[in-house]
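*Asks:* no sequence for this one, just the structure:
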């Protein structure tokens, strides 16, 4: 989902476009930055490649894949998608 922020007499307003799917997002505990989960085909064409980005883009997905969980790199605050044990 994309938002456009505009200033008005009431302050800063964000207008959201509803024509795009809502992407799964995680807020970093260290930095407060939102990260959005994306998927694309891997080089072998079988296993999807999952990654987080600061902005929702084409390829964003709306939920965690089955069998995965999110953790955070304690040094950088970047989210990491891991298989559940």
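*Replies:* Yep, it's here. All of these numbers come straight from a predicted model, not from anything done at the bench.
*Asks:* for the residue sitting nearest the centre point of the chain, give me its contacts.
*Replies:* The chain has residue 36 as the residue nearest its centroid, 0.6 Å off, counting by CA atoms, centre = their mean. Neighbouring residues of residue 36 by CB atoms under 8 Å, 6 or more residues apart in numbering: 23-25, 52-57, 60. From N, CA and C alone the C-beta is placed, and that goes for glycine too.
*Asks:* narrow the residues you listed to just the buried residues.
*Replies:* With neighbours counted by 16 or more other CB atoms under 10 Å, the contacts of residue 36 contain buried members at 23-24, 52, 56, 60.
*Asks:* kindly indicate which of those lies nearest residue 71.
*Replies:* residue 52 (11.5 Å; CB to CB).
*Asks:* neighbours of residue 67, how many?
*Replies:* 8 (other CB atoms under 10 Å).
*Asks:* isn't it up against residue 83?
*Replies:* Yes. Applying CB atoms under 8 Å, one finds residue 67 in contact with residue 83, separated by 5.9 Å.
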